[in-house]
Structure formats: structure tokens, C-alpha cells
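*Asks:* fold the stuff below for me.
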Amino acid sequence: KLSINAFDYNCHLDLIKLLRQEGELVKLRRARQKMSELFPLTEEIWLDWLKDEIKMASEISEREKVYELFERAVKDYICPEIWLEYAQYSIGGIGQEGGIEKVRSIFERALTAVGLHVTKGTALWEAYREFENAILETAQPAPGSIPSPEQQQVLCSQLEKIHTLFRRQLGIPLLDMEASYAEYEEWSEEPIPETTIKNYKKALQQLEKCKPYEEALLGAETPKLAEYQAYIDFEMKAGDPARIQLIYERALAENCLVPDLWARYNQYLDRQLKVKELVLSAHDRAVRNCPWTVGLWIRYLLAMERHRVEHSIISEIFEKALNAGFIQATDYVEIWQAYLDYLRRRVDFTQDSSKELEELRSAFARAVEYLKQEVEERFSESGDPSCTIMQNWARVEARLCNNMQKARELWDNIMTKGNAKYANMWLEYYNLERAHGDTQHCRKALHRAVQCTSDYPEHVCEVLLTLERIEGTLEDWDAAVQKTENRLARVNEQRAKAAEKEAALAKQEEERAEQRKQARAEKKASKKAKKTRIGDKRKADEDDESEWGQEEAELPSKRIRGEGDGVFPEEDMEVETGLFGRSEKPDGPAIPKEKAPSSRKDIPKVFHDSSKDKVTVFVSNLSYTMAEPEAKLRELFGSCGEVVEIRAVFNNKGTFRGYCYVQFREEEAARQALALDRTAVEGRPMFVSPCVDKNKNPDFKVFRYSTTLEKHKLFISGLPFSCTKEELEEVCKAHGNVKDIRLVTNRAGKPKGLAYVEYENEAQASQAVLKMDGLTVKDHVIKVMISNPPLRKIPDRPEPGRASLAPRQIYGARGKGRTQLSMMPRALQRQSNPVAKAENGMVQNSPATSSDSPAEPKKMSNADFAKMLLKK
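*Replies:* Predicted structure coming up:
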């Protein structure tokens, strides 16, 4: 795997673990070496490596290699444990020449690096004191002997070293510093100086201020980024550079893959400390941890230039940046621009020619070719549509090299790349000619601009006329006026045609909308007319008696003719009281006065209460065939909180329409219910969204997923429909830790061959793109790219004062759902003349028709239908 992808971090870890278990020490050392060249290693990896090397180091030469390894380890991150291990290991070489001074030097460096660590610094101070106490024991004279003056001087000097260590430690806010103070009191034969006591009390006060932040870190879960940021802000206000550096290093040890944190740290070092070794080391570690972040590479180049690093080294770092695998085409434009700026600052333009100037021109040419070949091949775009690099090259040639001929060639190339239609590009070139060229080329450029510009031709025409008004002759003025008038006339003509076309399309759309509206009205009226037929009413009453108590799923979809169909006495007819209700029969003991509804369609309609929207969620995309949706959904949403009511929506025939409203007791329960969005219910993804009245909030849109660039997430297309989430995870996990996989489905739950894969960080996602794009999965070639969805289009709103094309019903703010079709009822489509069933069961001609009436039925409103049905 590593031979295919050397940047697979987890694969490096797995290989090291296996080799360590097998005891393959030579291969293990080689594997660790390769990994350390690509990545900064964590504290755990370094400690394991160091311990293994210490066990094998017996000769002096081998000990020196361990020292070199320790030096590499302390440069990756500031870790107290590694420094403590380093110091203790160095004590083993105390018998060598200069061994004691070497140990002291390592301890002093360790204290400088991590001696201020509030929770772990104490261990290092104590180890240093123990070492000096051991030296003191060896300096003590033999019992009963009198020390010589030389021995007495050595003894006093060693005692002073220990006193100094105690005093230095007590002036630093560290945990358990009270115990250190008590130990000093017990150890010292002299009273503790007032200055030491004062510093100790001051450190105690500072420790109390730090404790809340340390406690927050101890109680927080990884990565603790917010807690570290609060701690950093606190130390920044205090203003101690050493403490600020330490807290940044502590934060980065646990958040080494957060580019913004590295950027803030490097900015602080660049502007405040300005220590070359420290600054460059931090920048180097930043780009090794986050190589995909172009901003870190640019800051690194600037820091090296600022600290006078050799040109060859800067060029080498730039080449590494080009191979870092940026995830956007524009990133390559930015890094090239930063490098070209650096090369431009090296050139002495007072000389006509120089090595630096030739290198700059060569770099400009290479940058243009690189963007055209390498970047465009990978991203299908150069990342520089406005040719900013070529524009800067032209400015350098014109302003600094006085080479307008080269600048004009470059601008001619820029215009041939699709930029000739933009007025701002022509004006940029015109300004360059105006400053460094001549009037003739300015006039020529503006004449071409008038001819080619399509976005703002008026602006270009105005600039041309202004030029001729100031500098042109009468002939020049006449030519300019004629050219601009002709051009603007053509533009206005084109705009008028476009406006007419747009108006015609708008009119056609309005007519189609009116036709849809009319068809819906006719369908609705036809349904009401059919529903109120007297024969159907009688049959409904018979069904009420025979099918009382049956389940909804058992109701027949069509009525079966019974004995009561046909002509029946007028005294047995029901009396209509309105379009939505009916009264009981005036006489007849067989029918009770109060009767339970026989089906869903007899249930009275419930108006939506918008005041309860905050405790209500809207559930849609459910199966129309779902049996007992209320019970099913109550069980599903019961885990979120107490469900007060579930209002499933049914049509006039009692068929479930696939959506409903779920009302909770508490607002928090409604928020938790939103987490069930896209849950599979009977093979379909259930949509759960907030209940919002779109009449009052027309801009409200619910979209669960991000619509912006997500550098840690991949978009995969071309997958076979049979590919499962587990199979895709097996393919993706080879390139990093997969946090989540989402297979995109349609509303029916069927796969669309698309997926989103989320990795732990940007580095893993970037490597996955390089290795997976073009991969074959089940005979399908997939395309892989960083997730950057297009902006979601906002539908056009109706004009003010115009009625909505689809009138909303009383079911709620969302209307009757998305699946309602605007179609003419089949009963109306089949009949040339509308007919109605009389109350006595006989078919009569409608009052609205006549023998000479055309085949097209007369359009009737709801009121006309009501009058017709209630006429008798």
C-alpha cells in the first residue's frame, strides 16, 4: 500500500505496529525513518522508537545515534515526556568527558522548552534537582575528614546551584508548588529570602488564574480546540512570550491537523518573537502537518525571505509546495504568485539585464505553462480565468523593464483566452497603455474594445469619447462618435429583442399557469359533483351500517351496487346542508342520530394551528400504502419526547397522502426529531423538517447538508446502483479514517450512483482524491473530487399582487404535498357534454347544456356546482 501511496498515515502506523510485534528491528527502524521524513511524529511514536533504540545502544557510537534521535524528536513537538526521557538518558553518559555539563545543558534546554508547563513542568524541575543533589553527595568529604579549601569551594558552589533551582521553580506557577516550597524549607539550613517568598506568592496568584483553564482542558474531550483557544487568549492578554509559545505548542500537539491554529501561531512568531530558528522551525512543522493548505506554504516562503534564507533553499521549498497536492486550482495560482513576487523582489531593475531578471521571466513563462498543462489537466480549469499572472507579467515588463512590446504581446494573449468581451479587461490594458505606451495604441485598444465588449459597452464608449475629446482631431472625434453610435444601436436592438423574447416566454408561462389553474379548478369541481350524487349518498349510508368498525385498509376502493341503487322514494332522501357535511335523515328509526365515521373521509378536517409550529415537525415522503401511519410514527418519534398529536393527511377518498404533522409537548423534542431526517421507513427515506409557514416565510428552505466547499469530504459519482455503504467504505478506508458515508438516493429510496465520503481531515481526503479518481468499482469507473456543491437555485417568486398558482389548503402551511398532480378528472375527459345524476336516480341533461351546444363543456365555478347540486 505504501508503494502506491506513501502519504497514507494510518498505513505507516500499521506497518510499524506489525514490525514491532514481529521483532524485525532493522525493518522497523527503516519504516520509522520513512514515516518521520514525511510526517512529524506524535509523542507516543517517538517514545516507542526511542525506548527501542535505547535498549539496543551499548557502544558510545550507538549512544551518539540515540542523542541524534532525541534531537529530532524534540523538534517535532514540545513534549515534556520526551524532554524528561532525554535528560534522564543523558545521565547515563555522565562518566564520559564533559558528561556532567552535557546533562546540565540538556536540562536547561528542557526547562526553557517546557519548564513553564503548569501540569507537567514540576517533574522536570524535580529531576534536575535530584541530579544536582546526587552531584552534591559525591562532593561531600568522607566522614571525620576535614575538607580542603578546594573541596569546600566545590561544595558551596553545588549548594548554590540547588538553592538557585529551588528559587527559580518557586517563581513559576506550577501545580503542587506548595509541596515544593515546603521541601525547600526543610532542605535549606538558612531562612528563605524575602525576594523568593514574594515571587512564590506572586506565582501562586498567577496559578489561581490559570487553574480554570487547566481544569477545562482536563475535563474536555479531544481535540479541546475551544478550550485551548480560550487559554491562548488569556495568555495573550498577559503578554508573556514564553508562556504564549508554550500554550500554542500544547494546543498544536493535540490539534496538529488544524491549519488555522498553525497560521495564528506562525503569525504571532513572525510579528512578535522574530527569532529565526524558532520561526522557521514552526513554519516547517506547519507545512509538514498540513501540506494541503496553500496559505501555510505562502507564509513559509515569506518567512524565509524575511530571514535571508538562501535562494536555493527557498526554491526547493517552493518545489515541495507544488507537489503537496492542493485541492483547488486557485491554490496553485496563489503559490505561483507568491513565488513570483519573491523573484521580482530579487531583481535590480536599474540594470538592463541580469541573471535574476532572466530567472523571473523564465518563472513567469513556466507558471503560465504549468497552469495550462498540469493544473487544467487535473481540475479541468486553470484556476486563473482572468490571467492575473500574465497581467502581472505585463505590468513588470511595462513599468519596470520599459518593454511595452512584450506587454502588448502578453495582453493580446490574454484577450484570446475569452476575456475580450469584458470591459474591465480592456480598460486595464488601456490604463497600462495610457501610463507606459502612446496615444495611438490607446485609441486602437479602445476601438477594439467598443467592437468586442458585451457586458458594459456604454462604459467603453464613454472612455473612447473622452480620449478623443482631450487629444483627438476632428476626424478622430467623428470616427469615434460614428463607431460608438453604431455599436450602441446594435446593442440596444439586441437588448430589445432579448426583452421581447423574455416577455413572450413570460406570457407563455402565464398562460400555461392559467391553464393549470383552470384544470385544477375543474378537477376539484368535478370531484365535488361526483361526491354529492344522491345514489352514492345512499350507498354510503348502507356501507356505514354494514362496515362499521372495519380497518381502513379493508375498505373497498369501489362501491358495490346493492339493492338500494336506482329509483327510491323521495321521503327517504337525505337533505344536504353544505359541501362538507350532511344532516341525518329527517325520519327513520333504523339510523341512529349520532354515528361514528365509517372511513377517513368522514373525519372532520382539522385546521393547522401555526402558533404550535415550534413544537411541530413536518414529515413527508412516506409511503402512500402505509397502514395506520399514526401508530407507526408515534412509535418512531416516541424516543424524541412526548408526542401530543400526529395529524396524518388523507385525501377525499381516505387514502394516506404520504405526509403528516407531528406535534410534541416540548420544543426540545421537536429539535431532536429533526435528527430522524432521511431515516428509512418502509424502504423510503423519511423527510423531517421544521414546521414553517411559507406564506409568512417565503425564503425558508430546509437543506440538511452543506452547500459550500468541504475540504475533508469527497463527492463520488459513477457508482454502480448495487454498491452498498459497506462496500464503498472498504474501498475508501484504505486512504484514511472514514467518519461517515452517505449514499444519495431518490425520494423512493433508490440509489442514484452518487455518494459523499467524509474523512477525519483534509490530508486524507486530498490523498483519497489522487488515488481513487478513475478507480473501477464493479465494472464502473468512478469520478472522485472534493465536495463543492453548486449553489442551490432560489425559485422565482410570484409578482406582487398576483395570486399563487397553486392555492393552499387548510391542511397546513405546506399545502397538500409535492405529489399532487394538476390533471382533469377522467370523468370529464370522457364526456363531451357534462351530465348529472338527478336526485331520483335518473340521468338528465345538465341545465347548462342544450342541443346545439358545442362539445366543449362550459366552465363552471365552485358556486355554480353548489347551486346545481342544491337546486332541488
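*Asks:* please point out which parts of stretch 148-160 sit buried.
*Replies:* Neighbour-count burial for stretch 148-160, counted by 16 or more other C-beta atoms under 10 Å, picks out 154, 158-159. C-beta coordinates here come from the backbone N, C-alpha and C atoms, glycine included.
*Asks:* list of residues touching that stretch?
*Replies:* Under the criterion C-beta atoms under 8 Å, 6 or more residues apart in numbering, residues 132, 135-136, 139-141, 147 lie in contact with stretch 148-160.
*Asks:* cutoff 10 Å now
*Replies:* Around stretch 148-160, the neighbours that count as contacts under C-beta atoms under 10 Å, 6 or more residues apart in numbering are 132-133, 135-141, 145-147, 188-190.
*Asks:* for the stretch 551-700 of the chain, what spans make up the strands?
*Replies:* Using DSSP state E, counting those that start in this stretch, the strands found in the stretch 551-700 of the chain span residues 616-620, 643-650, 656-664, 679-681, 684-690.
*Asks:* what's the mean pLDDT across the shortest one?
*Replies:* In other words, strand 679-681. The pLDDT scores in strand 679-681 average 85.
*Asks:* may I see the buried residues of that strand?
*Replies:* For strand 679-681, a neighbour-count test (16+ other C-beta under 10 Å) marks Val681 as buried.
*Asks:* same deal with the second one?
*Replies:* Of the residues in strand 643-650, those with enough neighbours to count as buried (16+ other C-beta under 10 Å) are 643, 646, 648-650.
*Asks:* same question, the longest one
*Replies:* Residues of strand 656-664 classed as buried by neighbour count (16+ other C-beta under 10 Å): 656-664.
*Asks:* want to try a markdown table for the strands of the stretch 551-700 of the chain, with distance to Ser105 as columns?
*Replies:* Shown next, in a markdown table, are the strands of the stretch 551-700 of the chain (distance: least, C-beta to C-beta, whole Å):
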| stretch | distance to Ser105 |
| --- | --- |
| strand 616-620 | 67 |
| strand 643-650 | 71 |
| strand 656-664 | 68 |
| strand 679-681 | 63 |
| strand 684-690 | 65 |
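*Asks:* list the residues that contact the closest residue to Val738 other than its chain neighbours.
*Replies:* Spatially, and ignoring its direct neighbours in sequence, Val738 is nearest to Cys732 (5.1 Å; C-beta to C-beta, 6 or more residues apart in numbering). With contact taken as C-beta under 10 Å, 6+ apart, Cys732 is in contact with 714, 716, 738, 741, 755, 757-759, 764-765, 768, 772, 784.
*Asks:* could you do Met772 as well?
*Replies:* Residues counted as contacts of Met772 (C-beta under 10 Å, 6+ apart) are 714, 716, 731-732, 734-735, 757, 782-785.
*Asks:* can I get the residues you listed in TSV including pLDDT and distance to Asp476?
*Replies:* Output for the contacts of Met772, formatted as TSV (pLDDT from 0 to 100; distance: C-beta to C-beta, whole Å):
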residue	pLDDT	distance to Asp476
Leu714	90	59
Ile716	92	60
Val731	88	68
Cys732	90	66
Ala734	83	69
His735	83	65
Val757	92	63
Ile782	90	61
Lys783	87	55
Val784	89	58
Met785	86	53
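*Asks:* how about those in CSV, adding secondary structure and distance to Arg243?
*Replies:* Below are the contacts of Met772 laid out as CSV (DSSP: H, G, I helix; E, B strand; the rest coil; distance: C-beta to C-beta, whole Å):
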residue, secondary structure, distance to Arg243
Leu714, strand, 40
Ile716, strand, 46
Val731, helix, 47
Cys732, helix, 42
Ala734, helix, 43
His735, helix, 39
Val757, strand, 41
Ile782, coil, 50
Lys783, strand, 50
Val784, strand, 45
Met785, strand, 44
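*Asks:* can you select the buried ones from the residues you listed in ChimeraX?
*Replies:* Here is the ChimeraX command that selects the buried residues among these (16+ other C-beta under 10 Å):
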select :714,716,731,732,734,735,757,782,784
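*Asks:* which one among the contacts of Met772 gets closest to Asn431?
*Replies:* Comparing the contacts of Met772 against Asn431 with C-beta to C-beta places Met785 closest, at 38.1 Å.
*Asks:* thought that closest one was touching Leu770?
*Replies:* No. If you go by C-beta atoms under 10 Å, Met785 and Leu770 don't touch, sitting 11.0 Å apart.
*Asks:* which neighbours do those two share?
*Replies:* The contact sets of Met785 and Leu770 overlap at Ile327 (C-beta under 10 Å, 6+ apart).
*Asks:* got the domain ranges for this structure?
*Replies:* By the assignment in the TED database, the chain contains the domains 116-140+148-207, 326-346+354-419, 433-494, 613-690, 713-786.
*Asks:* off-centre distance for the shortest one?
*Replies:* Spelled out, it's domain 433-494. The chain centre lies 46 Å from the centre of domain 433-494; the measure is C-alpha atoms, centre = their mean, to the nearest Å.
*Asks:* same check, this time on the first one
*Replies:* If you compare the mean C-alpha spot of domain 116-140+148-207 with that of the full chain, they lie 52 Å apart, counting by C-alpha atoms, centre = their mean.
*Asks:* let's have the chain start at 43 instead
*Replies:* Got it, first residue is 43 now, which makes that one domain 158-182+190-249.
*Asks:* picking up where we left off before, in CSV, list the domains of the chain along with distance to Gln314.
*Replies:* Shown next, in CSV, are those (distance: least, C-beta to C-beta, whole Å):
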stretch, distance to Gln314
domain 158-182+190-249, 17
domain 368-388+396-461, 22
domain 475-536, 40
domain 655-732, 44
domain 755-828, 28
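*Asks:* nearest to Arg151, of those domains?
*Replies:* Comparing those against Arg151 with C-beta to C-beta, the closest turns out to be domain 158-182+190-249 (10.7 Å).
*Asks:* now do the same end-to-end measure for that closest one.
*Replies:* Start-to-end span of domain 158-182+190-249 (C-alpha to C-alpha, to the nearest Å) is 11 Å.
*Asks:* quick check: mean pLDDT across it?
*Replies:* Across domain 158-182+190-249, the per-residue pLDDT values average to 92.
*Asks:* can you check stretch 94-113 too?
*Replies:* Mean pLDDT, computed over stretch 94-113, is 89.
*Asks:* also stretch 534-551?
*Replies:* On average, stretch 534-551 scores 92.
*Asks:* pLDDT value on the residue lying closest to Val502 once chain neighbours are set aside, please?
*Replies:* What sits nearest to Val502 in space, not counting adjacent residues and going by C-beta to C-beta, 6+ apart, is Ala491, at 4.5 Å. Note for Ala491: predicted pLDDT of 95.
*Asks:* Pro427: neighbour count?
*Replies:* Neighbourhood size, Pro427 [other C-beta atoms under 10 Å]: 13.
*Asks:* dump the buried residues of strand 685-692 to CSV, plus distance to Ser764.
*Replies:* Converted to CSV, the buried residues of strand 685-692 look like this (distance: C-beta to C-beta, whole Å):
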residue, distance to Ser764
Val685, 37
Ile688, 36
Ala690, 34
Val691, 35
Phe692, 36
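*Asks:* about what we covered before: ok, of the contacts of stretch 190-202, which one's closest to Lys448?
*Replies:* Closest approach between those and Lys448, by C-beta to C-beta: Glu174, at 70.3 Å.
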